[in-house]
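> the sequence isn't on hand, but the structure is:
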């Protein structure tokens with residue numbers, strides 16, 4: 001440390017050992033202001049200035065900073081040592097060059113945070129401060145006192161430098177990508193291309209189902225974008241309705257979880273490609289804080305079931321909008337100026353260009369090379385004309401002759417005539433099955449036996465009592481008690497025998513066992529099908545369920561085509577034998593099909609039952625013979641009406657064509 005600085009420090013220390021008589025009134029007011037003013041405002045210390053210069057600096061500097069004054073080097077060092085963080089130290093002409101140099105040397109010892117130093121009167125030899133300049137100890141050096149306006153500008157620059165140092169934070173995520181998008185937007189030739197590019201960038205910034213970029217035309221009061229998706233027309237929306245229009249009008253972002261419940265939401269304006277909008281985020285793209293500076297609106301939409309947009313999503317979209325705003329503003333200004341220039345040129349010439357701008361650009365780029373003139377050959381023109389006439393005539397004839405048939409189709413199931421099903425009259429456990437598939441049985445033969453232990457025991461008890469009472473009756477024929485007991489026991493015995501008989505399933509008629517669906521030790525419920533019996537006549541019959549609206553068009557004798565499931569390449573041609581008079585609902589129709597087939601058929605509306613009889617018991621498929629079995633099902637189709645192809649294409653000709661056919 002230089003000897004002068006050490007001397008100055010000792011002098012200040014000696015003076016501080018006694019009463020603080022050297023502290024000026026301005027420094028006292030500065031110390032009092034430390035406790036009353038907001039500590040967040042940066043402090044500017046003016047040292048070595050007169051009262052007029054200090055007052056003028058107070059008027060020129062912004063209100064966002066605090067200003068204190070010091071008259072001597074001692075007061076400067078004292079101000080730096082009292083704990084107040086001085087951000088800018090401005091040394092004026094009343095301090096000599098030696099005092100100023102000593103103050104700068106003492107800053108590192110006295111101040112907790114080194115301020116930026118402005119040395120405004122270094123004297124005729126500024127080279128003596130070269131070492132301080134090389135060590136970055138001075139923010140600015142002037143040999144003479146600059147004007148107050150220039151000095152105030154230097155102080156503001158120093159404050160901005162300190163603020164930039166304080167706010168030196170890492171760049172937010174996505175800044176590099178946003179800058180890349182901004183450069184690409186600036187390279188576009190028109191606003192529509194820039195909007196497409198901005199929409200793609202917004203899709204990458206937030207995970208949304210749909211993203212819209214609507215450019216705002218303040219003169220026409222519309223929001224527009226280039227044609228996208230399956231549409232071929234540009235999108236134009238009024239700036240008077242919808243959440244997007246609200247953002248364009250106010251310049252405020254919007255983030256809503258259930259946008260469809262918001263009274264400002266308009267689906268056609270905010271989310272025309274979606275069925276239902278739930279989560280919406282809209283951010284304005286503007287070059288200034290004024291409402292008129294809104295250039296575009298970025299709108300992101302998420303469907304129901306996904307998480308709503310977060311503050312991070314809004315920050316990412318706002319970062320992209322703020323970064324590309326200057327580039328988009330320049331492109332919008334260039335587009336406006338070019339349009340204005342073209343209108344002015346047309347006005348001066350008194351005419352409007354007959355050729356498109358693209359054609360003129362191509363003509364200018366082609367140089368001297370010219371295209372060929374349009375050549376028309378009379379021979380080819382005549383040939384093409386008559387060829388077109390012949391094609392139209394052939395189409396008309398083909399459309400008149402050809403027909404389009406309407407078919408009535410529905411599910412169908414194969415049933416065997418003479419087949420009956422035997423079901424359980426009550427629930428129980430099967431103990432024995434006395435028949436096998438293919439056995440012939442007579443009416444009354446036992447088919448299935450249910451567990452009857454309790455019924456048999458009850459019958460044995462009653463018969464035992466019957467025998468005891470009968471013995472008593474035979475011993476004394478005049479006794480009335482045994483006779484009355486025998487009458488009651490007879491009724492109980494008949495009931496017990498009936499209950500025991502109910503545990504046996506007998507054949508209702510003679511036939512052959514075809515479908516056995518129960519086994520021993522199986523528990524069945526009431527109504528469960530146990531087996532089926534077929535008689536001598538077991539012809540296959542087709543039962544089809546066709547749509548009920550076609551009932552007036554159906555009649556017996558109409559052809560019916562059947563495609564059995566699994567044999568679609570071998571269709572069966574049948575003839576309708578009978579048609580039910582009533583149209584029934586899906587549940588009743590499934591009851592007609594039977595429980596074993598109803599679960600495999602899907603019916604959505606009223607149907608009508610149609611029956612057809614097969615000519616044979618077998619059918620052919622892949623060169624082999626197969627037998628029809630009960631329960632086989634497929635799809636039936638019946639042609640109900642037809643019309644010409646020409647009438648189908650031109651419905652207005654239907655009446656005229658019918659008269660011609662008649």
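That came through, no problem. Quantities reported herein were computed from a predicted structural model and do not represent experimental measurements. Numbering: from 1, shown residues only.
> now residue 544: how far from residue 72?
As judged by C-beta to C-beta, to the nearest Å, residue 544 and residue 72 stand 116 Å apart. C-beta here means a position set from N, CA and C on the backbone, and glycine is covered the same way.
> who's more crowded, these two?
Residue environment comparison for residue 544 versus residue 72 gives the larger neighbour count to residue 544, 27 against 17, counting by other C-beta atoms under 10 Å.
> wait, the more buried one sits on residue 411?
Yes. Using C-beta atoms under 8 Å, residue 544 and residue 411 qualify as a contacting pair, with a distance of 7.2 Å.
> so what sits against both of the two?
With C-beta atoms under 8 Å, 6 or more residues apart in numbering applied, the overlap between the contact sets of residue 544 and residue 411 consists of residue 636.
> please, where are all the helices along the stretch 301-450 of the chain?
In chain order, the stretch 301-450 of the chain shows helices spanning 311-349, 357-366, 378-401, with DSSP state H, counting those that start in this stretch as the criterion.
> other SSEs contacting the last one?
So the one you mean is helix 378-401. Where contact means 3 or more C-beta pairs under 8 Å, 6 or more residues apart in numbering; DSSP states H and E, helix 378-401 is packed against strand 633-644, helix 645-649.
> for the stretch 101-250 of the chain, just list every one of the strands.
Secondary structure of the stretch 101-250 of the chain (DSSP state E, counting those that start in this stretch): strands located at 116-119, 140-141, 210-217, 222-225, 235-238.
> strand partners of the first one, parallel vs antiparallel please.
On the basis of DSSP bridges, the sheet neighbours of strand 116-119 come out as strand 86-91 (parallel), strand 140-141 (parallel).
> single out the most deeply packed of the ones you listed.
Comparing these on average neighbours per residue, with mean count of other C-beta atoms under 10 Å, the densest one is strand 86-91 at a mean of 26.
> run through who's touching that strand.
Under the criterion C-beta under 8 Å, 6+ apart, residues 42-49, 57, 65, 76, 79-80, 100, 103, 107, 111, 113, 115-121, 139, 151, 155, 158-159, 162 lie in contact with strand 86-91.
> adding mean pLDDT as columns, could you present the helices of the stretch 301-450 of the chain in CSV?
Written out in CSV, the entries for the helices of the stretch 301-450 of the chain read as follows (pLDDT from 0 to 100):
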stretch, mean pLDDT
helix 311-349, 84
helix 357-366, 60
helix 378-401, 83
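> turn the ones you listed into TSV, including mean neighbour count and distance to residue 190.
Rendered in TSV, the data for the helices of the stretch 301-450 of the chain read as follows (neighbours: other C-beta atoms under 10 Å; distance: least, C-beta to C-beta, whole Å):
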stretch	mean neighbour count	distance to residue 190
helix 311-349	16	7
helix 357-366	10	11
helix 378-401	11	40
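> number of nearby residues for residue 550?
Neighbours of residue 550 under the rule other C-beta under 10 Å: 20.
> could you pull up the residues touching it?
With contacts defined as C-beta under 8 Å, 6+ apart, the neighbours of residue 550 are 408, 608, 638, 640.
> rewinding a little: so which of the contacts of strand 86-91 sit within helices?
When the contacts of strand 86-91 are checked against helices using DSSP state H, the ones located there are 57, 76, 79, 80, 100, 103, 107, 151, 155, 158, 159, 162.
> got TSV for these, with distance to residue 516, neighbour count and pLDDT too?
Putting the ones in helices among the contacts of strand 86-91 into TSV (distance: C-beta to C-beta, whole Å; neighbours: other C-beta atoms under 10 Å; pLDDT from 0 to 100) gives the following:
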residue	distance to residue 516	neighbour count	pLDDT
57	114	20	86
76	115	29	83
79	112	26	79
80	110	25	77
100	119	27	83
103	116	26	83
107	110	18	77
151	114	24	86
155	108	25	87
158	105	22	83
159	102	19	82
162	99	17	73
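> would you turn the residues you listed into TSV with distance to residue 521?
Shown next, in TSV, are those (distance: C-beta to C-beta, whole Å):
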residue	distance to residue 521
57	110
76	110
79	107
80	105
100	115
103	111
107	105
151	111
155	105
158	102
159	98
162	96
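> out of those, who's nearest residue 491?
If you rank the ones in helices among the contacts of strand 86-91 by distance to residue 491 using C-beta to C-beta, residue 162 comes first, at 116.8 Å.
> tell me, how many residues neighbour the nearest residue to residue 272 once chain neighbours are set aside?
Nearest residue to residue 272, sequence neighbours excluded (C-beta to C-beta, 6 or more residues apart in numbering): residue 235, at 7.5 Å. When neighbours are counted by other C-beta under 10 Å, residue 235 registers 17.
> tell me if I'm right that residue 235 and residue 273 touch.
No. With contact defined as C-beta under 8 Å, residue 235 does not reach residue 273; the gap is 10.1 Å.
> for the chain, what's the longest strand?
strand 403-416 (DSSP state E).
> centre of the chain to that strand, how far?
Distance, stretch centre to chain centre, for strand 403-416: 41 Å (C-alpha atoms, centre = their mean, to the nearest Å).
> so what does it touch, helix or strand wise?
strand 540-547, strand 633-644, helix 645-649.
> ok, which of these comes nearest residue 499?
strand 540-547 (38.6 Å).
> residue ranges with poor pLDDT in the stretch 451-600 of the chain?
By pLDDT under 70, the low-scoring segments of the stretch 451-600 of the chain are 478-479, 536-538, 595-598.
> that one: strands as residue ranges?
Counting by DSSP E, counting those that start in this stretch, the strands of the stretch 451-600 of the chain are 504-506, 511-516, 523-524, 529-534, 540-547, 559-564, 572-579.
> what residues sit buried inside the last one?
I take that to be strand 572-579. Judged by neighbour count using 16 or more other C-beta atoms under 10 Å, the buried positions of strand 572-579 are 572, 574, 576, 579.
> do stretch 131-140 as well
Neighbour-count burial for stretch 131-140 flags 132, 137, 138, 139, 140 (criterion: 16+ other C-beta under 10 Å).
> was I right to think the first one contacts residue 102?
No. Contact criterion C-beta under 8 Å: residue 132 and residue 102 do not qualify, at 11.6 Å.
> can you count the residues close to residue 59?
Residues contacting residue 59 under the criterion other C-beta under 10 Å number 8.
> so how far is residue 468 from it?
Taking C-beta to C-beta as the measure, residue 59 and residue 468 are separated by 135 Å.
> residue 178 too?
Residue 178 sits 108 Å away from residue 468 when distances are taken as C-beta to C-beta.
> which one's more surrounded, these two?
Between residue 178 and residue 468, counted using other C-beta under 10 Å, residue 178 has the larger neighbour count: 20 against 13.
> fine by me, thanks again.
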